[in-house]
Structures are given as structure tokens and as C-alpha cells.
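S.K.: Return atomic coordinates for the entry below.
(6 chains)
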There are 4 protein chains.
Amino acid sequence: MPGQVSSAPSPRIERKRDKRVQEIVRTAADLFAERGYDAVSLDDVAERLDVTKGSLYYYFAGKDELCTAALETLGNGWMERLEELSAAYDGSDVGRLRALLHEHIMIAVRDYPAALRLFLVPREWPASQARSIKAMRTRHDAIFRDVIDSGVRAGEFDAISTDVTLQCMHAAMTQAPTWCGRLTGRARTRAIDELTDTLMLLVGCSRADD
Amino acid sequence: MPGQVSSAPSPRIERKRDKRVQEIVRTAADLFAERGYDAVSLDDVAERLDVTKGSLYYYFAGKDELCTAALETLGNGWMERLEELSAAYDGSDVGRLRALLHEHIMIAVRDYPAALRLFLVPREWPASQARSIKAMRTRHDAIFRDVIDSGVRAGEFDAISTDVTLQCMHAAMTQAPTWCGRLTGRARTRAIDELTDTLMLLVGCSRADD
Amino acid sequence: MPGQVSSAPSPRIERKRDKRVQEIVRTAADLFAERGYDAVSLDDVAERLDVTKGSLYYYFAGKDELCTAALETLGNGWMERLEELSAAYDGSDVGRLRALLHEHIMIAVRDYPAALRLFLVPREWPASQARSIKAMRTRHDAIFRDVIDSGVRAGEFDAISTDVTLQCMHAAMTQAPTWCGRLTGRARTRAIDELTDTLMLLVGCSRADD
Amino acid sequence: MPGQVSSAPSPRIERKRDKRVQEIVRTAADLFAERGYDAVSLDDVAERLDVTKGSLYYYFAGKDELCTAALETLGNGWMERLEELSAAYDGSDVGRLRALLHEHIMIAVRDYPAALRLFLVPREWPASQARSIKAMRTRHDAIFRDVIDSGVRAGEFDAISTDVTLQCMHAAMTQAPTWCGRLTGRARTRAIDELTDTLMLLVGCSRADD
DNA sequence: AATGAATGAGTGTTCATTCAT
DNA sequence: AATGAATGAACACTCATTCAT
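M.R.: Numbering: from 1, shown residues only, chains lettered A, B, ... in the order given. The predicted structure follows:
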């Protein structure tokens, strides 16, 4: 167990370790997103990192934990971007929601083209990791729920049920890469815009409202 | 009939065989839907059927073939129900679309609680299945595209892009079981209704329109 | 157990059974010679006969027994041809030996192109079948030993050791198909002749002696 | 050397690995020679090495690769001994050929008592091995063809066809262990000598010639 | 006499995990 | 901090054998 010998590890060493962990997690996240949990072996991860499989076990207790970490890293980056965007946005709720939807789709399509496997399709995770995934989803919902509730109060939005609306948006956005992924350039841009506009209908905003 | 060799099997035997095949396919379909292709072993299928793995090979050439058969059986049943409903429906496009959405969600939630794996995530399947799944999806889209296009022409609907609308509906409906599955009784019924109504917004129909 | 019910089976039925057994054995022999014991499954045999695997068990106790029968049939035919030739031959021992060698090679190359697997390479047979194979070899040796001994006594031949000579001849002749098999037409005929002549050297007969 | 990642393994480790590979290959070679490709399972190999099957895959990509390595190791050792003998021999072609024949038989009988499976029966091996085996045979033929051609030019030998002579010698020598294997001590020595002398007849050398 | 069905042991292969060094 | 080695439980698939009908 590293760092256990001399009371606490020096900050320098800890930083180095963190950096290594980050490298591993990033690589793993990429692979899991590309091929899905089952189709990725630890050998694959190790090879792409140019280390041996055994080394991974120095940093992670097993495949599941590595995957959880990957999920968290992936999700954290994603959510931070949305949270920052929401915080920075200055304007109507309509504009803010549209910006959030658009950004979510962009991230999904461009950065994590296969993340739906991780966030949409349930898998039997060990309990500890199920919690972590659920937390991510809650955080995601909070961001959008905030805007929608605010817009509803302001009379800008009209939703049958905020919960259901959130589910629909999440499902459609996360699924987006599978059909936008085929497109490129202008066609993709247009598809993303259309999707954004379509989802705005769920809160009663037609394009003419902007 | 002396000397008759390797004739076709009697109809009675053939019926029996067909029934057995159906049993196997059903069981396999359930398992694949529950856990996904990779996470289901032929031993799992065999055990649930209370036979040995080897027996499965008497009926199917391998895991892939079994899976294809399962997918097709599952999808055929589903699509047939939708097609019949659509054909039988007599009334406005608004009503027909709502009925289709409602039925799709009911099937998803009640009958194939985890089928999203089958129809949402394409990469999870071996190449051999990809075709079969795509065909199913095309068939599904045709049913809904029909109503939407008709409604648009009749001025009942207003969609930004039929394609995008179809994708959103499909994503949300197929994903439904993961969040409606937790509910029971009245709460579930209400959730399904709300989801139906929410999706109607995508073609510009608010509840007041009915 | 067939034929057990009414004391003895009628000759007509027995003949029919024998014919069936012959069919099976022939087919099996062909397959074993083509691909070798391990590479032939009972399904292969059954399919070529256009019956089901189960039927084979009505006539044979198992794969090994079927193979033994095939070997015996193969070997009997072979040996009979050599024995008849030897008995019919009227002339010097030189001529008789040459004729036997030539015939053996012809049979090996033309009729049982892969029999070396069966007669040259030892396999761990169950005891009962090992005996049967050994008997075949003994019978083969007897045919050639006869001529050679006779020739030696007559002063026509000169062998260092009859046993060793027999082994060499048998090895070379049985192996022949693997190198003559590639040839066709005239080239093959010539190769067979050359081989015959070469083997005659083992008993001290150069071509000029004829 | 900090930060050095995935460097080449130290020579000490590499040596150790090579030794292990040698162990495995030797064991596999023995087994394949004893029973043939199909009849040897990786479990057999593993058990004789007292490791688990999985370990073999750490060193070899699969059964075929292991078999290829085994064949090559076996054949290389054999051929090297013959080549060295031929190079070192100083004397007439008669003496050199006799020495080569004798050595070949000794190796076959004493060191690789069942190698006939490797060099006699081509069809028993998967296609991937066929090349390797053929190469070995070519190398073998070259050694003996050399002496024979030289002897023929020098008037020491007389052969009907060098090719056919080579085939006969090869067949008889390789087959030798199956009949000399039973003998021991003096009897075996005598049998080997007789076989050598008998094969010398194929190039027209009777014992008196020496 | 023959079939369809089922079995169970075995076969090559993969892979998460462990561990001494 | 990392490696090379080994393990053992799975897995898809094959096949000789059995048996009720």
C-alpha cells in the first residue's frame, strides 16, 4: 500500500500519483466508451497505456472500480461544463435551457460518442458503484430541473411534469450520438440544432418564441 | 413405406420441434433483454430451460444464431402489435399517434422491461445481429412516420423534422421502463399517461387539443 | 438387440443387414482414409450415408468399433488382392516379387491414398482392435516373406535380414501415395515403376537382372 | 532510470523466459510426437509441465503456435546433428552416407521414438504447420541428396532415381522406431546395423563393398 | 430399424485477479 | 512502482454416447 510507510506521502509524490491515476482513468474511459464494458479487457487498457496489466492493480482494486472511476471522471467533466455554462449564462430561461441542451448534445456527440452505454443502459454494478452513478444522474437532473422550474415560475415554460420532461430530454440527448454520429460538417450541425429545437417543444417553446 | 430413408419428419414431430424452439427462443430473448448479449452465457440460457448447454446446439448453430432468433421473435411480436393497432384505429391522427405511443410504452414497461438494450444500443451486438436490429428499427420508424406525416399533411401536427421527432420519441419510449419500472399501480398509470402527453408535444399537440 | 427375438434371423434379413453394414463400413473407411481418425465425426459418416447418427449405433458399438471394421474391410480387400496375385503368378520369384510390390503400390496410390495413417502410424487402440490390426500386418508380411524366402533359397535373392527387408518395403510402399499422389498420368506410372525397381534392390536385384 | 516505462526486459529475465519456453516446447514436442496433434490437448501439455492450461497462453498464442514451435525445435535439433555429422565427416561417400543413415536411425529410435508422426503424415497437421514440416523435409532431403549425388558422380553409388531413393530411405528410417522400439541392448544395435546396411543396398552398396 | 432428442465430458481460448520480486 | 508469471473460473463450441419412441 503506497504512501503508508512514512505517515503521509509527500505532496510531490501524491501529485505524481494523481497524475498517473488521471492518465489511466482517461484511457480507460475512452476505451469503455468506445467498446462498452464487456468488450474492454484490462489488457487493452494496459496496452494502450504501455504498461502491464499488473500495474493497474496498484492503482485500482479491479475492473469494476476502474470503470467506476472512468465513469466519474467522464461525468464530472461533463457536468462541470454544464454547471459552468448555466452559472455564466445571463439571460432568459429559454435561452439558458436552449444553451444547456445544445451543449449537452455537443458533448455527447463530439466528446463521448458512445457514453449512452454508460449513462442510459443499466448494468448490474456492485452496490458501491450504483450509488456513484445515481449521484451523477441526480446532479445532471438538478442542472436542468433548476432552469425548467425557474422558467415555469416565470411563465416562460409550460411542462406537463418536470420529471417526465427531464427523462425525455436526457434520453434523447444521450441517444443523439448514435444517429448524429453518422453525419458530418453542416449536416451534423443542422441535426444538432433541430434536436435542440425539438426538445424545446417539451417545455412549450416553439422556434418562433425566440 | 419400406426403404424410405431420411424422409421429412412427420408434422406432429415438426410441431413439437417448433414448440421447443419457441420455448428456447423466448427464454433466450428474456435473458438477452435483461442483461445484454455479452453478459448472457449459453449456460445461463440452458439452466433457465433446465437442459444442458449441448442441447441448445441441437437447435441452434451457436450463440449468434440463437440471439438473432430471439431478437427477431421479440421484435416481431412488438411490431405486429403496433401495426395491428395502427391499422385498426379509426379516427384522427392525433388519436392514432397517442394510441401508438401509449401502446409502445405499455409494451416496453410491462412486457419487455429491459428491451432498451435491444433497440437502443447498437454497438453492443455482434455484427451479425446489427442487420436484424436495423431492420426492426426501420419497421418501427415506418409505423410512426406514417402517422406523423399524415398528421402534418392534415395540419394536425407540426414537426421541426420528422426524423428528429421519431428519434426523440423512440429514445424516450424505449428508455421508459427504467424509470417507470419502479412505480406500480396508479402511479405507473399516471406516469405512462404523462409520458404519452409529453411526447405529443413534439408534434405540437398540447393536452388541451384533444 | 436385433435377431434375438425369434431364435435366428431369416437369411433374407441377415443378408440385408450385412449389406447395410457393408455400406456403412465402406463409407467410414473412405472418410477415415481421407481425413484420419480424429478428424472424422460420426456425424460426418452419418451425413454421407444420409442417416442419423443414432442409426450407426444400431450396427456398431461405437466409433472405435466402426473404425476397426473399416480397417478390416480395407485390409481384407487389399490382402486378398495380393494373395490372389501371388497364387496366380506363374514364374520366377523375381517376377512374382516385382508384381506384388507393383500391385501393393498401385492399391496404395490409387485406391487408398491415405491408408498410411491406418497402417503405418500407430494409435492407441483398445486392446481388442490392436490385435486385429496386428493380424493384418502379419498377414501382409506372410505374403512377402513367402516370396522372399523362396527366392533366397533359390539363390535369386540376397537379403541381409528378411525382417528388415520386409519393414523397409512396407514403409516405403505405404508411404508412396504421399509423394506419388501429386503426380498424374505418365509421371505417376514412371514413379511407381521406379519405386518398384528401387525396392527390388533390397533383395539384390538390379534392373539388368530381369 | 526514473520514468522509464516498458523498457526491454533485463537479460537475466529474458534468459529465464527463454528457458521456460524451451521447457514447454520440449514437453509439447514429446507429446505431439507420441500421440499426434489431435490427440494432444493443452491440458495434457500443461499437466505434464505441472502448470495450468492458462499459463501456456502466456507464452504461446494458441495450440497451433505451440505446435509449430515444437515441430521446429524438434526438427532443428535433428537436422543440425545430421548437418554437423556430414560436414565433419572425412572420407568416402559410402562411409559418409552410412554414417548419416546410422545417425538418423539412432536419433529416431533413441531420441524421438515416435517422431514419424511429425515427418511422415502431412495431412494430420493443420495447414499452418504444413509449411514448417515441408521446410524441414526439404532440409533433410538436401543433406542426403548431397551425398548421394556426390557418390553417383564419383561412381561409388548407383541409383535408379535419387528422388525415389530418398523417399525410401526416409520412410524406412523414420518408421524404424516402431519396430526397433521393442528391442533392447544387443538386439537393437544389431537391428539398427542391419537396417543401415539394407538401406545402403538402395545405392548399390552391398556389405562386402566396405 | 431408425429417429430425434438430450447429455456430459472435453477442447481451445479469454481474462480478471493474485503475487513474488 | 511496476513487472512477469501464474492461476482458475468462465466461455463457446464439439462430439461420442444413450435412449425413449
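
S.K.: mind checking the SS state of the residue of chain A at minimum distance from chain B?
M.R.: As assessed by Cβ to the nearest Cβ, chain B sits closest to A:D38 within chain A, at 3.5 Å. Any C-beta I mention is one placed from the backbone N, CA and C, and that applies to glycine too. Reducing the assignment to helix, strand or coil with DSSP: H, G, I helix; E, B strand; the rest coil, the entry for A:D38 is coil.

S.K.: Let me know whether it touches B:A39 as I believe.
M.R.: Yes. A:D38 is within contact range of B:A39, at 6.6 Å (criterion: Cβ atoms under 8 Å).

S.K.: Show me which residues of chain A sit near chain D.
M.R.: When proximity is defined by Cβ under 8 Å from any Cβ of the partner chain, chain A lies next to chain D at A:50-52.

S.K.: what do you get if the cut-off is 6 Å, keeping everything else the same?
M.R.: Contact residues, chain A versus chain D (Cβ under 6 Å from any Cβ of the partner chain): A:D50.

S.K.: List the residues that contact the residue nearest the centre of chain A.
M.R.: Central residue of chain A (Cα atoms, centre = their mean): A:G75, 3.6 Å from the mean position. Residues counted as contacts of A:G75 (Cβ atoms under 6 Å, 6 or more residues apart in numbering or on different chains) are A:M136.

S.K.: Check whether the helix or strand that contains it comes close enough to DNA strand E to count as a contact.
M.R.: Element membership of A:G75, judged by DSSP states H and E, is helix A:63-88. Yes. Counting by Cβ under 7 Å from any atom of the strand, DNA strand E has neighbours in helix A:63-88: A:63-64.

S.K.: For that helix, buried residues please.
M.R.: When burial is assessed from 16 or more other Cβ atoms under 10 Å in any protein chain shown, helix A:63-88 yields the following buried residues: A:63, A:66-75, A:78-79, A:81-83, A:85-86.

S.K.: again with stretch A:46-65
M.R.: Using 16+ other Cβ under 10 Å as the burial criterion, the residues of stretch A:46-65 that qualify are A:46, A:49, A:51, A:56, A:59-60, A:63.

S.K.: Check the residues you listed and tell me the two furthest apart.
M.R.: Among the buried residues of stretch A:46-65, the pair separated by the greatest distance (Cβ to Cβ) is A:V51 and A:K63, at 15.4 Å.

S.K.: What ranges does chain A have for its helices?
M.R.: Across chain A, reading from the start of the chain, the helices by DSSP state H fall at A:11-35, A:42-49, A:53-59, A:63-88, A:93-106, A:116-119, A:127-153, A:162-180, A:185-200.

S.K.: Name the surrounding residues that touch the worst-scoring helix or strand of chain A on mean pLDDT.
M.R.: Counting by mean pLDDT, DSSP states H and E, the weakest-scoring helix or strand in chain A turns out to be helix A:116-119, with a mean of 72. Helix A:116-119 is touched from outside by A:36, A:71, A:174-175, B:121, with contacts defined as Cβ under 6 Å, 6+ apart.

S.K.: Please repeat the previous calculation with a cut-off of 7 Å.
M.R.: Helix A:116-119 has contacts (Cβ atoms under 7 Å, 6 or more residues apart in numbering or on different chains) with A:32-33, A:36, A:71, A:74, A:174-175, A:177-178, B:121.

S.K.: With stretch A:125-141 instead?
M.R.: Outside of stretch A:125-141, the residues that reach it under the criterion Cβ under 7 Å, 6+ apart are A:64, A:68, A:71-72, A:75, A:79, A:166, A:170.

S.K.: now, among those, which is nearest to D:R182?
M.R.: Relative to D:R182, the closest of those is A:D64; by Cβ to Cβ it sits at 60.2 Å.

S.K.: Pull the contacting residues for that closest one.
M.R.: Neighbours of A:D64 in contact, by Cβ under 7 Å, 6+ apart: A:125-126, A:129.

S.K.: A:T196 now?
M.R.: The neighbours of A:T196, taking Cβ under 7 Å, 6+ apart as the test, are A:98, A:101-102, A:105.

S.K.: Dump these to TSV, plus pLDDT and neighbour count.
M.R.: TSV is the format used below for the contacts of A:T196 (pLDDT from 0 to 100; neighbours: other Cβ atoms under 10 Å in any protein chain shown):
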residue	pLDDT	neighbour count
A:R98	97	21
A:L101	98	24
A:H102	97	18
A:I105	96	22
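
S.K.: got any ranges where chain A has weak pLDDT?
M.R.: A:1-9, A:122, A:208-210 (pLDDT under 70).

S.K.: Find the closest residue to chain D in it.
M.R.: With Cβ to the nearest Cβ, the shortest gap between chain A and chain D falls at A:D50, namely 4.9 Å.

S.K.: quick one, phi psi at that residue?
M.R.: The phi and psi torsions at A:D50 (degrees, to the nearest 10) take the values phi 60, psi 40.

S.K.: The closest residue to A:T162 other than its chain neighbours: how many residues sit nearby?
M.R.: Taking Cβ to Cβ, 6 or more residues apart in numbering or on different chains, and ignoring the residues beside it in sequence, A:T162 has A:I148 as its nearest neighbour in space, at 5.5 Å. Other residues within reach of A:I148 by the criterion other Cβ atoms under 10 Å in any protein chain shown amount to 23.

S.K.: Is it correct that A:I148 is in contact with A:V203?
M.R.: Yes. Using Cβ atoms under 7 Å, A:I148 makes contact with A:V203 at a distance of 6.2 Å.

S.K.: Common neighbours of the two, please.
M.R.: Each of A:97, A:157, A:159, A:165 lies in contact with both A:I148 and A:V203 under the rule Cβ under 7 Å, 6+ apart.

S.K.: Contacts only, for the residue of chain A found nearest DNA strand E.
M.R.: Proximity to DNA strand E, evaluated over chain A using Cβ to the nearest atom of the strand, is greatest for A:G62 at 2.9 Å. With Cβ under 7 Å, 6+ apart as the criterion, no residue contacts A:G62.
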